[in-house]
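Visitor: here is a sequence together with a model predicted from it:
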Amino acid sequence: MIFPYDAAVPDPSRPDSPAPPGPTPPPATALTGPAGPADLLAEGTPAFPAERVRGRWRSLRGVDDVLALLETGAAGIVAGVADAGATFLAPILEELAGVVCTAGTPRSHVAIVSRDFGVPALMGARFTAAPPADGTLVELDCSGHPGRLRAVRDP
């Protein structure tokens, strides 16, 4: 079966693979200039090329975590999820600064939906150690391959 996004997903194993003309994140969350002081937390495959964004890390394990964010707001959150087929992000996805998924590829459900909403997503993320604690300031960089998640030292 051919998925409609297959042609738009770059294949990192092929140097001639074109970058897709994907949406860009909202300008309020995009960063310009060089990356600030940061420590590498994880690397993975970007769902689509996107500007660097910063936000507060929050691990989301299911519907209850999403319902809690519906009450407080999800703006500025970089969400960490384990399931690349997760549909529970739907009510808050467009508010998120970014998504980091420890499973999946750019053809996974989370990647496709995040691309539709213009929310940077890192797929198949491999952490260098344990995931960050909730509330940690992080920078998600999906502008190249591999994509990177970094901890940012508060100024």
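Guide: Arrived safely. Residues are numbered from 1 along each chain as shown.
Visitor: so what sits opposite the residue positioned nearest the centre of the chain in the bridge?
Guide: Centre of the chain computed as the mean C-alpha position; nearest residue by Cα atoms, centre = their mean is residue 121, 2.3 Å away. Partner residues in beta bridges with residue 121, using DSSP bridges, are residue 99.
Visitor: mind checking pLDDT for it?
Guide: On pLDDT, residue 121 comes in at 97.
Visitor: so it is in contact with residue 97, correct?
Guide: No - using Cβ atoms under 8 Å, residue 121 makes no contact with residue 97, being 10.9 Å away. To be clear about C-beta, it is placed using only N, CA and C from the backbone, and glycine gets the same treatment.
Visitor: can you give me how far stretch 96-113 is from the chain middle?
Guide: Relative to its parent chain, stretch 96-113 has a centroid offset of 6 Å by Cα atoms, centre = their mean, to the nearest Å.
Visitor: that stretch: end-to-end distance?
Guide: End-to-end distance for stretch 96-113, by Cα to Cα, to the nearest Å: 12 Å.
Visitor: go on, stretch 54-72?
Guide: Using Cα to Cα, the end-to-end distance of stretch 54-72 comes to 18 Å.
Visitor: list the buried residues of that stretch.
Guide: For stretch 54-72, the neighbour count (16 or more other Cβ atoms under 10 Å) marks 54-55, 57-58, 60, 65-66, 69 as buried.
Visitor: and if you look at stretch 116-129?
Guide: Of all the residues in stretch 116-129, those buried under the rule 16+ other Cβ under 10 Å are 117, 119-125, 127.
Visitor: in this protein, what residue spans correspond to strands?
Guide: With DSSP state E as the definition, the chain shows strands at residue ranges 38-46, 53-59, 77-81, 98-101, 121-127, 137-141, 147-152.
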